[in-house]
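1. Please find the sequence and the predicted model below.
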Amino acid sequence: MIAPALRLFFPVLILPLVFSLQSTAQICINKYTGISFQTTTFEAFTSSTVAPNNEIISAGTLYDFNSAGHIAKYSAKGNPIWSYRYNLNFFDFVKSIFFKAINIAAIVSTADGGMIIAGNTEQVLSPFGLPPPVKKWGLMAKLDRFGKVLWTKTVTKDGEMNFTNLYLTADGDIIAYLATDNGPKRGPGDHSYNNVLRIGQDGEVKWSSFLFTLLFDAGGLGVANKRAIVQATNGNIVIGDVAHKTVANTGEIKEGNLHFFELNYATGKLNWERSYEYGALSSTYVPDIVNIKELANGKFSFITTLYLTGVNGFVKKGANIITSNRGAIENIIAYTPFDGSPCSIKEASTDKNTGNRVLLFDKSGKNMLVNIDDDGQVVWQQGYSDKQGAFPVNCFSAGKNGYNIFTSNNNSKQYGLLITDNTGVIDCANETPDITAVPATLNLTRDSMVTDFNYNFRDDYYDYAHPLKRGEAYPLIKNIDCQQTLACCRDFIDSSIANTYTICEGSSYMLPDSTVIKDSGIYYVNFKTVLGCDSIRFYKIKLDKDVSLLGIGNDTCLTGSSTITLKATEGYGKYYWMNSLLPGNAAYTVTLPGKYFATVNNVCGSKTDSVEIFDVCDYPLYMPNAFTPNGDKINDVFRIAPDNKNRLLSFRIYNRWGKIVFQTTNLSEGWDGTYKNEPLGTDTFIYMVEMVTLSGKRVTKKGYITLLR
């Protein structure tokens, strides 16, 4: 059955709390669901992925003032869990360095439920972001499963940079492709070379391979093109890349090459490479390579879009290039509409159940998912309505039970999420597809493209690590547009965040799913019911500041001022000054000399700190000239008078040969006439005292003291 349109509000985490403690609705296990979300601004989606627990993650760019990045997480059924804006938290008015946009090109989920995002951010000349961008910096960041940023990499050099691709390896490291474009060539010596990086789970770079490809480079054609990465069964990294030669100053392509190569996983060094001219018929067309798969026989399959021969000459077609285990092309399969019209493959994912690949096709604005087996043949395909251009497909991801398709036209405060079954079916959005697989040929001219890993004059980038900042929650309002149900159960969403816990700074709280929380924030656990419905509970964790850190300053004075404002350590919820029953803030104004104190209480405990305010700021320093340490408790210790309120920096005593026999920085300590616990005889010694008065003046006094026995 098709469910009627149902307007559901999900204020949890992403809207102000506006309704009751618990939100429940009779929802069923769904074959498919069509959802639309109302938002506050326009948005373009660029990437989607699925967490290990089948939660859906989307990433895109908002068309707001700062072109913020937007990342959201949903349950497998499309219920919003959290949704946040992200901006780069850095600016420099002196050097006129400001950042405006967060452009996310790739996102992968990690085993801990978090994610790595990558792309670029745009440097502008004005804090208002009005002029055109100066250049693009490469951007990569790790987020935990609650959307908190754990680390950031922001890399730059002379040209534009962009992390175009990410790949999660078997041991949890990341392989990242870092594209560079220094602009159109001005002469034969101008080039733009890329890097491949292996990055550890904490953001450390384990190796960075500089792809010095001689005459082949970016050449002014930008940094947006996709490359494909896979880890082979031997553990090494195979990459499908595209490089080209361009005409100086114009940036036109005069020769384009498909470039397949393998890097040693441990060292990043080149194992093998192959390149083939792809015969570009457009002076600016650079194909994306969207996927690589190692086949059961050890061969590789590269998915891309090329100009191939058709009924009306050369047209764009999807291409499946089969190579040997060392990149030698053996076969090409083309994917084309029945009418021979142009089409392209935008991205690819892997069917979680069969291991087949699912390709997202674009045919003149019409989008289709096509499932292909390892022989390159079409297993199933589904087309999707764009609602007269209102909701074209932006990106998709493969879940355990189907596919998550994000739709947006970048010109509406609304976007769509189609959650299909495992063959791409969603009756309210499907259209007839028309992709067929046919044999294809390509001019297999082997070029002499060589990557020199011994090149010494590297154009290295620098990582400034400007932090990515999670900003405000980005509100989403959910509509169910269509739904087919299989079995019924009840979704439960505790939207009140009634589970609030306070922990002490340095301690932790364990969620019911064993996640250990050490920072304040809003967290969630999704307890799936037997029938697979959502049972989402949110937990608000508050962090109390360690009371041992409380301080209200040093002793001071009133001379020259009628009032003094005491300032306690910031970060405590309530401050109790002078045993007051009513809490105050961290500041307290005094007008009279005396002793003042403040107390704080929280789950960490209680502490009181005090200072004394004097009516004299500069105390004169008087020192005796003799003392008699004979044990009669009269003049037994040589010390600074206790009524001197200056702050002691040092108090040292020397014998006649310049050796220190006593020293302290504690005003309450004095010399008892001993050295290494042995009494010294009658003699004359030199003392030196350094102090700072309450008004900040430095006082030094030097003199002689006679020890009498």
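-> Received it, and whenever you're ready, just let me know what you need. Numbers count the residues shown, from 1 in each chain.

2. Quick one: residues contacting the residue lying closest to Y74 once chain neighbours are set aside.
-> Once flanking residues are discounted, Y74 sits nearest to I56: 4.4 Å by Cβ to Cβ, 6 or more residues apart in numbering. Any C-beta I mention is one placed from the backbone N, CA and C, and that applies to glycine too. Taking Cβ atoms under 8 Å, 6 or more residues apart in numbering, we find I56 in contact with S48, V50, K73, Y74, S75, A76, G78, S397, G399, N404, L417, I419.

3. Out of these, which is nearest to D615?
-> K73 (61.1 Å; Cβ to Cβ).

4. next SSE after the strand or helix carrying that closest one?
-> For K73, the enclosing helix or strand under DSSP states H and E is strand 69-74. Stepping forward along the backbone from strand 69-74, the first helix or strand reached (DSSP H and E) is strand 80-88.

5. Run the chain-centre distance for that following strand.
-> 11 Å (Cα atoms, centre = their mean, to the nearest Å).

6. who does the helix or strand following it touch, helix- and strand-wise?
-> The helix or strand immediately downstream of strand 80-88 is strand 91-92, counting by DSSP H and E. Applying 3 or more Cβ pairs under 8 Å, 6 or more residues apart in numbering; DSSP states H and E, we find strand 91-92 packed against strand 97-109.

7. now the angle from the strand it packs on to strand 80-88?
-> Calculated by axes from the mean of the first three to the mean of the last three Cα atoms, to 10 degrees, strand 97-109 forms an angle of 140 degrees with strand 80-88.

8. re the thing from before, quick check: angle from the strand holding K73 to strand 80-88?
-> Using the same axes, to 10 degrees: strand 69-74 against strand 80-88 is 160 degrees.

9. Only C-alpha atoms, please: export strand 69-74 in PDB.
-> Output of strand 69-74 as PDB, limited to C-alpha atoms (Å, rounded to 0.1, in the frame of the first residue of the first chain):
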ATOM      1  CA  GLY A  69      29.300  22.500   4.800                       C
ATOM      2  CA  HIS A  70      26.300  20.500   5.900                       C
ATOM      3  CA  ILE A  71      26.500  16.900   7.300                       C
ATOM      4  CA  ALA A  72      23.600  15.000   8.600                       C
ATOM      5  CA  LYS A  73      22.900  11.500  10.000                       C
ATOM      6  CA  TYR A  74      19.700   9.600   9.700                       C
END
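
10. pull the CA atoms of stretch 372-391 into PDB?
-> Only the C-alpha atoms of stretch 372-391 are listed here, as PDB (Å, rounded to 0.1, in the frame of the first residue of the first chain):
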ATOM      1  CA  ILE A 372      26.300  -4.900 -13.000                       C
ATOM      2  CA  ASP A 373      27.900  -8.200 -12.300                       C
ATOM      3  CA  ASP A 374      31.600  -9.000 -12.500                       C
ATOM      4  CA  ASP A 375      31.200  -9.800 -16.200                       C
ATOM      5  CA  GLY A 376      30.000  -6.300 -16.800                       C
ATOM      6  CA  GLN A 377      26.400  -7.300 -17.600                       C
ATOM      7  CA  VAL A 378      23.300  -5.500 -16.400                       C
ATOM      8  CA  VAL A 379      21.500  -7.400 -13.600                       C
ATOM      9  CA  TRP A 380      18.800  -4.800 -12.900                       C
ATOM     10  CA  GLN A 381      18.200  -1.100 -13.500                       C
ATOM     11  CA  GLN A 382      15.800   1.500 -12.200                       C
ATOM     12  CA  GLY A 383      15.100   5.100 -13.400                       C
ATOM     13  CA  TYR A 384      14.100   7.900 -11.100                       C
ATOM     14  CA  SER A 385      11.800  10.900 -11.700                       C
ATOM     15  CA  ASP A 386      13.300  14.300 -11.100                       C
ATOM     16  CA  LYS A 387       9.800  15.800 -10.700                       C
ATOM     17  CA  GLN A 388      10.200  18.100 -13.700                       C
ATOM     18  CA  GLY A 389      13.700  19.200 -12.600                       C
ATOM     19  CA  ALA A 390      12.700  19.900  -9.000                       C
ATOM     20  CA  PHE A 391      14.600  17.000  -7.500                       C
END
